[in-house]
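Asks: Next come a sequence and a model predicted from it.
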Amino acid sequence: MFGKSGYQAVPLGDWNQPSINSELYKGTSSNILFSTDAGSSYDYVPKIDDSDLRDKSQGLLSWICSGIVTLLVALLTLVTLPISGWFVLKVVPNYERIVLFRLGRIRAPKGPGVVLVLPFIDQWKKVDLRTKAFNVPPCKIMTKDGALISVGADIQFRVWNPVLSLVAVQDLNNSTRMTAQNVMTDTLIKKRLKEIQTEKLRIEEYLVADINYRTKAWGIEVDRVEMMIEAVIKLPEGSVPGGHLIMPPGVPGLECLSGPLQQMAMHFLSKDATPTQQEAGSIEIVNETTCVSAPTSLHLSVEDLLSAVEVFLSESLVNRVQALYQFNITMSNGTVKTCFLDLSQGTGKAGQGVPCNTPDVVLDMSEEDLLAIFSGNLRPLGAYMSGRVQVHGDLKTAMRLEEVVKALKHQ
């Protein structure tokens, strides 16, 4: 069957072990397309050698007919020059290749530069070789220890074989996205929550290797996988609420850092804002499903809080903070009250209403959360990570509110 059609099977002998090397497929494209091995499901890929554009498996009669038709079209193109030159000459940039189908038979990729495409008998498609990216939508995954998390991912890949990317898969982007989502799900359900948090970089490297192993026959190479843990919906069975911190994917003020560096920066930021020394190597978890309220014995209003804060404002505190904060507070009756804390100049000032100058950070929160933060029962970082406080501005500047909380405790 395959001898008559001119197609041969693609070998899988050297694909048994995945690798995460960026040179994973260097020098293998010609071997994939020109082989005598059998037994692969990709047996429709024709054998084409980059150094010989003829399809040697073609029958004699078919070859003679194709040659005659090609010659006639070439003569017609030559006679109608220069008018035909506008239609048959294609300019291919360095980052693209043209895959040519002449009379239905695939040819070697063309480009870069000027490429001749014969009319009537040539069909062609451009393939972009630049790195592309897509995201895997967040999905809920049950981990090995019973935790329920919402996880997504960003995937970067590039085409290393233009021919395979066209003939081996119909929808390259969608197929790669579904494969990446399945690989990520299959990997994370075998991990515990703590392993996912502490070994994120190693898991990402494994995902790169596994996705490459499953998609190499499509002519693509995955360069990078970055997991994004959106939230911990349910803690592991038997765990105590209040424990490990899940980093959100986008942290204002730290967007320039990569995922692992952003996690490290946020970890040290959390340690700097903590009044007590954390255990070395530990990661704190914020339970996003349990609200932390201020003690019932503390009955303060926003006005009382502002009066208490104004008492201990000083130049030393202003020098440590150097920021102007605006608080949009949602009261228990549903109304919104605005107040400010000016620690940018002088001895500082606190009051109600909108500040005269443009605030450095605007924080949206409820009255209960505001009182909990300034009473020390709710840390600013934990409130932000759990979504109870919305920060508009630089996160690092917002976290300097911890200095005000420390001063209140000291007083």
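Replies: In hand now; what should we look at? Bear in mind that the values here come from a model prediction, so they are computed numbers and not experimental data. Residues are numbered from 1 along each chain as shown.
Asks: longest helix in this structure, by residue count?
Replies: In terms of residue count, the longest helix belonging to the chain (DSSP state H) is helix 60-79.
Asks: Other residues contacting stretch 93-100?
Replies: With contact meaning Cβ atoms under 8 Å, 6 or more residues apart in numbering, stretch 93-100 is reached by 90, 92, 106-112, 115, 117, 122-130, 162-163, 166. (C-beta placed from N, C-alpha, C; glycine too.)
Asks: What segments of the stretch 301-411 of the chain are strands?
Replies: 323-330, 336-343, 349-352, 361-366, 390-393 (DSSP state E, counting those that start in this stretch).
Asks: what residue ranges in the stretch 101-250 of the chain score low on pLDDT?
Replies: 239-250 (pLDDT under 70).
Asks: now the strands for it?
Replies: Counting by DSSP E, counting those that start in this stretch, the strands of the stretch 101-250 of the chain are 105-106, 113-116, 122-128, 132-142, 148-159, 220-234.
Asks: any chance of those strands in CSV, with mean neighbour count and distance to T77 too?
Replies: Converted to CSV, the strands of the stretch 101-250 of the chain look like this (neighbours: other Cβ atoms under 10 Å; distance: least, Cβ to Cβ, whole Å):
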stretch, mean neighbour count, distance to T77
strand 105-106, 17, 19
strand 113-116, 12, 8
strand 122-128, 15, 11
strand 132-142, 15, 35
strand 148-159, 19, 30
strand 220-234, 20, 35
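Asks: check contacts around the nearest residue to R177 once chain neighbours are set aside.
Replies: Of all residues not flanking R177 in the chain, F134 sits nearest, at 5.7 Å (Cβ to Cβ, 6 or more residues apart in numbering). Taking Cβ under 8 Å, 6+ apart as the criterion, F134 is in contact with D154, I155, N173, T176, R177.
Asks: Quick check: bridge partners of F134?
Replies: Assessed by DSSP bridges, F134 has beta-bridge partners I155.
Asks: what's the answer for N328, then?
Replies: The partner residues for N328, given DSSP bridges, come to T338, D364.
Asks: Tell me how many other residues surround it.
Replies: N328 has 15 neighbouring residues, counting by other Cβ atoms under 10 Å.
Asks: One more: L81?
Replies: Neighbours around L81, by other Cβ under 10 Å: 10.
Asks: Kindly report the same for R130.
Replies: 8.
Asks: can you tell me how far the closest residue to it other than its chain neighbours sits from T176?
Replies: Counting by Cβ to Cβ, 6+ apart, the nearest residue to R130 once its immediate chain neighbours are dropped is Y95, at 5.0 Å. Using Cβ to Cβ, to the nearest Å, Y95 is found at 19 Å from T176.
Asks: between those two, which one's more packed in?
Replies: Comparing Y95 with T176 by other Cβ under 10 Å, the one with more neighbours is T176, at 22 against 12.
Asks: isn't that one right next to I220, touching?
Replies: Yes. The criterion here is Cβ atoms under 8 Å, and T176 meets it with I220 at 6.6 Å.
Asks: hey, what's in contact with both of the two?
Replies: F157.
Asks: Excluding residues flanking it in the chain, which one is nearest the most centrally placed residue in the chain?
Replies: Centroid-nearest residue in the chain: D154, 2.2 Å away (criterion: Cα atoms, centre = their mean). Of all residues not flanking D154 in the chain, E226 sits nearest, at 4.6 Å (Cβ to Cβ, 6+ apart).
Asks: Double-check that neighbour against G152; I have them as touching.
Replies: No. Using Cβ under 8 Å, E226 makes no contact with G152, being 9.6 Å away.
Asks: So for stretch 301-316, mean pLDDT?
Replies: Averaging pLDDT along stretch 301-316 gives 80.
Asks: and it, which residues are buried?
Replies: For stretch 301-316, a neighbour-count test (16 or more other Cβ atoms under 10 Å) marks V302, L305, L306, V309, L313 as buried.
Asks: Now render those as a markdown table, adding distance to M385.
Replies: Output for the buried residues of stretch 301-316, formatted as a markdown table (distance: Cβ to Cβ, whole Å):
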| residue | distance to M385 |
| --- | --- |
| V302 | 24 |
| L305 | 23 |
| L306 | 26 |
| V309 | 24 |
| L313 | 28 |
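Asks: Tell me the one among the residues you listed nearest to S332.
Replies: Nearest to S332 among the buried residues of stretch 301-316 is V302, at 10.9 Å by Cβ to Cβ.
Asks: before we move on, back to that, which one of the strands of the stretch 301-411 of the chain lies nearest to Y213?
Replies: Judged by Cβ to Cβ, the one of these that comes nearest to Y213 is strand 390-393, at 41.0 Å.
Asks: circling back: pipe the strands of the stretch 101-250 of the chain into CSV and attach distance to I329 per row.
Replies: Shown next, in CSV, are the strands of the stretch 101-250 of the chain (distance: least, Cβ to Cβ, whole Å):
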stretch, distance to I329
strand 105-106, 67
strand 113-116, 65
strand 122-128, 51
strand 132-142, 30
strand 148-159, 29
strand 220-234, 25
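Asks: how distant is stretch 364-372 from the center of its chain?
Replies: Mean C-alpha position of stretch 364-372 versus that of the full chain (Cα atoms, centre = their mean, to the nearest Å) differs by 32 Å.
Asks: Need the CA coordinates for it. CSV is fine.
Replies: The C-alpha coordinates for stretch 364-372 follow below in CSV (Å, rounded to 0.1, in the frame of the first residue of the first chain):
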residue,chain,number,x,y,z
ASP,A,364,-10.3,49.3,48.7
MET,A,365,-11.5,47.3,51.7
SER,A,366,-14.3,46.8,54.2
GLU,A,367,-14.5,48.6,57.6
GLU,A,368,-14.0,45.3,59.4
ASP,A,369,-10.8,44.5,57.4
LEU,A,370,-9.4,48.1,58.0
LEU,A,371,-9.9,47.7,61.8
ALA,A,372,-8.4,44.2,61.7
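Asks: For it, buried residues please.
Replies: Buried residues in stretch 364-372 (16+ other Cβ under 10 Å): D364, M365, E367, E368, D369, L370, L371, A372.
Asks: nearest to A383, of these?
Replies: For those, the nearest to A383 is D369 (5.9 Å; Cβ to Cβ).
Asks: From what I see, I121 and I68 are in contact.
Replies: No. Between I121 and I68 there is no contact under Cβ under 8 Å: 11.2 Å.
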